[in-house]
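Asks: no sequence for this one, just the structure:
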């Protein structure tokens, strides 16, 4: 089971030491999991990051760098490997940029649910809220006719992507702060601006509330997953495609444009049957997830080991280098479109 959450900073989860109780369900379910303190996304935007997560490749090799670039047919992804090994594969995605039309991923899975019909007014694009993502995942589990066959299920929740506003009927934690922090609204990307709100901590309150709401829905899914008997034998991974700047750097409440830790450092929690709590500080990459999962199920990696940029996390060394990038298309004053890229390298504590 692979659960990814859009725009989720590791340091805003209570399991990572955040002072607010944003993730009680995640904390409880992954109490005996391995917590990777320094996990990094390969790219600061959703499509290339997700392709790296599923393929084990950096964007320079899987070739997806922008929105609505479909993954090349020659690039294998996790459901290809697992499908060949006899797994039933399914995905439920809730971000319009991950639909089959946008990515070409749908044909790689036995079932690909990419139905998004809820409009974010400020963004003028469509998504699917966390409660319906959970419902769709549970519907697939309950409709399976061969429960003995191994399965690979990927759920991608779009909350807490901005604009930060949990559903009005959500019954999860709310947050408030004591001391305001006035901000320059020019540093807030247009779709995130709340009319008349110049207190930066109000934005953070709403972001944390979205995390808490998503945590509740992930918890509902995981409880049902266990009740169906799958949790006792499943490898369960939780991560994010990228993080988000808060009141930091040159642009607030945004991602995709830079390779700061606030954007590139993501949660990575791995729960295995009978496992114990472990904390890993050495840097790891989302490109490691695919080879790690294949290694855990004894998939014959030997002939494919050179096919991945990532490696099984057990093989990661403190001295290994991890590549990060953020690419954005800008229009110049002359009207030309230019692709600009920021890159970083993580090695040990550097």
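Replies: Perfect, I can see it now. Because the structure is predicted, anything quoted here is derived from the model rather than measured.
Asks: who touches stretch 60-73?
Replies: The set of residues that contact stretch 60-73 without belonging to it, under C-beta atoms under 8 Å, 6 or more residues apart in numbering, is 43, 45-48, 51-52, 55, 59, 75, 77, 97, 102-105, 309, 327, 329, 339. (Each C-beta comes from the backbone N, C-alpha and C, glycine too.)
Asks: can you flag which of these belong to helices?
Replies: Restricting those to those inside helices, with DSSP state H as the criterion, leaves 46-48, 51-52, 55, 59, 102-103.
Asks: pLDDT weak spots in the stretch 251-350 of the chain?
Replies: 301-306 (pLDDT under 70).
Asks: quick one, strands of it?
Replies: Ranges of strands within the stretch 251-350 of the chain are 265-266, 268-271, 278-280, 284-285, 321-331, 337-347, based on DSSP state E, counting those that start in this stretch.
Asks: of all the residues in the last one, which ones are buried?
Replies: Which is strand 337-347. residue 346 (16 or more other C-beta atoms under 10 Å).
Asks: dump the strands of the stretch 251-350 of the chain into CSV; add distance to residue 89 as well.
Replies: Output for the strands of the stretch 251-350 of the chain, formatted as CSV (distance: least, C-beta to C-beta, whole Å):
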stretch, distance to residue 89
strand 265-266, 23
strand 268-271, 19
strand 278-280, 28
strand 284-285, 23
strand 321-331, 27
strand 337-347, 31
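Asks: quick one: which of those strands is nearest residue 127?
Replies: strand 265-266 (19.6 Å; C-beta to C-beta).
Asks: the closest residue to residue 202 other than its chain neighbours in helix, strand or coil?
Replies: Among residues not flanking residue 202 along the chain, residue 194 sits closest, at 7.3 Å (C-beta to C-beta, 6 or more residues apart in numbering). The local conformation at residue 194, judged by DSSP: H, G, I helix; E, B strand; the rest coil, is coil.
Asks: my guess is residue 194 contacts residue 207. True?
Replies: No: at 11.8 Å, residue 194 does not count as touching residue 207 under the criterion of C-beta atoms under 8 Å.
Asks: spit out the contact partners of the residue nearest to the spatial centre of the chain.
Replies: Averaging the C-alpha coordinates of the chain gives a centre point, and the residue nearest to it by C-alpha atoms, centre = their mean is residue 240 (2.2 Å). If you count contacts by C-beta under 8 Å, 6+ apart, residue 240 has them with 4-10, 41, 266-267.
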